[in-house]
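# sharing a sequence plus its predicted fold:
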Amino acid sequence: MSCGCKTSGDSAHSCGPKKTANGCESVNTCGNSYKLSVFDWLSNINNPASNKCDIVEVRFKNDRKSFYKNVNNIPLHIGSVVTVESSPGHDVGVVSLTGELVKIQMKKKKFPEESILKIYRQANQKDLEVWQEARKKEDSVKIEARKIAHRIGLEMKVTDVEYQGDSSKITFYYTADNRVDFRQLIKEYASAFRTKIDMKQIGFRQEAAKVGGIGSCGRELCCSTWLTDFRSVNTNVARYQQLSINPQKLAGQCGKLKCCLNYELDSYLDALSHFPSSSTTLDTEKGRAFCIKIDVFKKKMWFAYVDSSMAWYDFDIDLVKKLIAKNKRGEKILPLEDLKQPDTPIQTIDLIQENNVDRFEKKNRGNNRSRNQNRPNNNGQNQGPKKNRPERAERSERPDRPDRSENPNANAGNQPRQQQKQQPKPQPKAQTEKTDTSSDPEKKQNPNKKNFKKKYPPKKDKNA
């Protein structure tokens with residue numbers, strides 16, 4: 001037997017070894033939790049009275065619930081599948097609430113005790129098989145019902161179909177903007193499905209609660225999880241909260257205004273009660289000014305002149321109340337630009353340096369190049385005399401490299417390219433002055449030795 005802990009009440013799901021005598025251990029986490037479930041905060045409290053509440057709450061498909069009396073004193077718990085009284089026949093549902101909290105729910109929903117039906121028994125295997133077969137046919141019946149309604153030409157939408165537990169009745173839930181004459185439709189349904197037909201019209205909000213979905217906030221719809229009553233929402237709610245009247249942003253899955261707009265309405269109304277009226281005007285020496293904007297969080301009001309409404313001036317509500325009191329005494333106030341106080345920026349101290357983008361980078365990394373460029377080239381003067389360095393001395397005396405002081409183009413490599421283009425080409429005399437270096441004894445001894453030229457400018461091309 002299934003615990004029935006799925007959202008749709010499908011008994012094909014089974015918890016297996018998790019089900020115990022006290023019910024499913026994961027009744028709120030196995031599959032999906034109950035739609036519009038109630039937290040039993042009295043479950044761990046012992047009943048001081050001797051008589052125990054014999055009324056339980058039974059949930060059927062989606063959000064349909066009802067109360068039944070346990071006349072046979074059957075040991076029931078949350079998740080038990082029971083067979084209850086119905087007209088005609090019987091129905092199968094899942095127990096969703098037991099104990100003293102049921103009386104509180106009945107009082108909240110104003111459920112009459114005279115109309116309470118009774119529980120026959122716990123559902124046996126035959127009841128479950130009939131119930132499962134009926135639930136499997138609901139999708140195909142819904143598609144066929146929509147085709148019949150479209151063929152007749154009725155302006156309605158079949159939202160959901162629910163079979164009774166013994167397959168003796170089908171309930172069609174539909175939505176329509178206007179009144180629908182479905183007398184011909186019932187005849188077509190009765191001849192097509194061969195059972196008793198029941199039609200129930202629901203609103204668009206109830207449709208969204210039955211179908212379910214994900215809202216723009218990323219959470220499951222409130223109407224399909226915990227919201228039980230649907231309060232009216234109008235555009236004044238958006239105006240009080242200073243929201244743009246954009247139907248695409250303010251509308252929910254049902255096409256109506258979102259129910260969550262009512263959640264913070266009382267807080268906004270409480271805050272706006274301390275504000276002067278939005279139609280307040282101020283008489284200044286420069287002219288009349290009117291309120292153009294209100295900020296509830298900063299407790300400020302923006303004013304602008306009637307003649308030039310492009311310049312806005314914001315004031316605290318305490319100052320605005322004083323200015324209104326002066327106007328009531330017949331005094332004109334100073335111009336708005338004189339009353340406007342300069343905004344003092346708030347200086348914050350970043351103790352942990354979260355706002356610094358370069359807090360993970362090494363400091364003074366970019367200044368290393370400039371230091372190397374500005375460092376003087378001592379050529380080993382401050383290093384003291386070193387041994388075994390005859391090669392460097394011989395290189396400095398080589399005649400094939402002219403002295404930097406004599407060659408004005410020696411530092412041309414450090415100049416920009418534009419300046420190098422403007423300089424005249426070197427005279428060919430430098431080529432004639434070169435001597436043959438083949439007689440150098442050092443090159444004869446070490447012909448494969450490399451000459452390091454780090455501290456000398458690069459050679460110029462002969463054909464430059």
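Great, that's in hand.

# give me the pLDDT for Phe360.
Phe360 is assigned a predicted lDDT (pLDDT) of 66.

# ok, now which ones touch Gln253?
Applying C-beta atoms under 8 Å, 6 or more residues apart in numbering, one finds that Gln253 lies in contact with Ala208, Gly213, Gly215, Leu221. Any C-beta I mention is one placed from the backbone N, CA and C, and that applies to glycine too.

# just those residues: which are in helices?
Ala208 (DSSP state H).

# counting contacts, what elements does the one helix or strand Gln248 maps to pack onto?
For Gln248, the host element (DSSP states H and E) is helix 247-250. Packing partners of helix 247-250 (3 or more C-beta pairs under 8 Å, 6 or more residues apart in numbering; DSSP states H and E): none among the helices and strands.

# give me that answer again for 10 Å
Secondary-structure packing of helix 247-250 (3 or more C-beta pairs under 10 Å, 6 or more residues apart in numbering; DSSP states H and E): helix 235-240.

# what helix or strand is Ile104 on?
Using DSSP H and E, Ile104 falls in helix 101-109.

# mind listing what's buried along the helix or strand that comes right after that helix?
The C-terminal neighbour of helix 101-109 among helices and strands, as given by DSSP H and E, is strand 117-122. Buried positions in strand 117-122, judged by neighbour count with 16 or more other C-beta atoms under 10 Å: Leu117, Ile119, Tyr120, Gln122.

# now do stretch 310-323
Tyr313, Asp314, Phe315, Val320, Leu323.

# in strands, which of the residues you listed fall?
Tyr313, Asp314, Phe315 (DSSP state E).

# export these as TSV, with columns for distance to Glu155.
Formatted as TSV, those follow (distance: C-beta to C-beta, whole Å):
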residue	distance to Glu155
Tyr313	54
Asp314	52
Phe315	54
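
# closest to Arg146 out of the residues you listed?
Asp314 (56.4 Å; C-beta to C-beta).

# Pro342 is in contact with the closest one, correct?
No. The criterion here is C-beta atoms under 10 Å, and Asp314 misses it with Pro342 at 11.9 Å.

# tell me where the model's unsure across this protein.
Residue ranges of the chain with pLDDT under 70: 1-35, 47-51, 343-344, 350-462, 464.

# how about the strands in the stretch 151-300 of the chain?
157-163, 169-175, 196-201, 281-283, 288-295, 300-305 (DSSP state E, counting those that start in this stretch).

# would a markdown table of these with distance to Asn463 and mean neighbour count be doable?
Converted to a markdown table, the strands of the stretch 151-300 of the chain look like this (distance: least, C-beta to C-beta, whole Å; neighbours: other C-beta atoms under 10 Å):
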| stretch | distance to Asn463 | mean neighbour count |
| --- | --- | --- |
| strand 157-163 | 89 | 21 |
| strand 169-175 | 90 | 20 |
| strand 196-201 | 98 | 15 |
| strand 281-283 | 84 | 17 |
| strand 288-295 | 75 | 16 |
| strand 300-305 | 75 | 19 |
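
# can you redo those as a markdown table with distance to Ile104?
Formatted as a markdown table, the strands of the stretch 151-300 of the chain follow (distance: least, C-beta to C-beta, whole Å):
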| stretch | distance to Ile104 |
| --- | --- |
| strand 157-163 | 27 |
| strand 169-175 | 28 |
| strand 196-201 | 27 |
| strand 281-283 | 53 |
| strand 288-295 | 42 |
| strand 300-305 | 45 |
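
# so what's Glu264 closest to, chain neighbours aside?
When the adjacent residues along the chain are set aside, Glu264 lies closest to Gln241, with 6.9 Å between them (C-beta to C-beta, 6 or more residues apart in numbering).

# just Trp312 next, same as before
Nearest one to Trp312, counting by C-beta to C-beta, 6+ apart, is Trp302 at 4.7 Å.

# surely the one you found touches Leu282?
No. At 11.8 Å, Trp302 does not count as touching Leu282 under the criterion of C-beta under 10 Å.

# common neighbours of these two, please.
Here Trp302 and Leu282 share the contacting residues Phe290, Cys291, Phe315, scored by C-beta atoms under 10 Å, 6 or more residues apart in numbering.

# quick one: the last one from Lys110, how far?
It refers to Phe315. 50 Å (C-beta to C-beta, to the nearest Å).

# repeat for the second one
Going from Cys291 to Lys110 by C-beta to C-beta gives 45 Å.

# got it, and Phe303?
When Phe303 is compared with Lys110 (using C-beta to C-beta), they lie 51 Å apart.

# likewise Met310?
57 Å.

# before we move on, the earlier item: farthest pair within the contacts of Gln253?
So, the contacts of Gln253 by C-beta to C-beta: farthest apart are Ala208 and Gly215, at 9.6 Å.

# returning to that earlier point: closest to Val95 out of the contacts of Gln253?
Closest to Val95, out of all of these and judged by C-beta to C-beta, is Leu221, at 24.7 Å.

# which residues touch that closest one?
Contacts of Leu221 by C-beta under 10 Å, 6+ apart are 205, 208-209, 211-215, 227, 252-254, 258-259.

# and the residues you listed, which are buried?
Buried members of the contacts of Leu221, counted by 16+ other C-beta under 10 Å: Arg205, Ala208, Ala209, Gly212, Gly215, Gly252, Gln253, Cys254, Lys258, Cys259.

# apart from its neighbours in sequence, what residue is nearest the fifth one?
Read it as Gly215. Leu221 (5.5 Å).

# what bridges to the closest residue to Gly203 other than its chain neighbours?
Nearest non-adjacent residue to Gly203, counting by C-beta to C-beta, 6+ apart: Thr175, 7.0 Å away. When bridges are taken as DSSP bridges, the partners of Thr175 come out as Lys157.

# who's in contact with Thr175?
If you count contacts by C-beta under 10 Å, 6+ apart, then Thr175 has 156-160, 201-207, 254 around it.

# likewise Asp40?
Per C-beta under 10 Å, 6+ apart, neighbours of Asp40: Ile78, Ser96, Leu97, Thr98, Gly99, Glu100, Leu101, Val102.

# number of nearby residues for the fifth one?
By the criterion of other C-beta atoms under 10 Å, Gly99 has 18 neighbours.

# measure Lys200 to Leu185 for me?
For Lys200 relative to Leu185 (C-beta to C-beta), the value is 13 Å.

# correction: the previous question concerned Asn262.
Relative to Leu185, and taking C-beta to C-beta, Asn262 is found at 36 Å.

# fine by me, we can end here.
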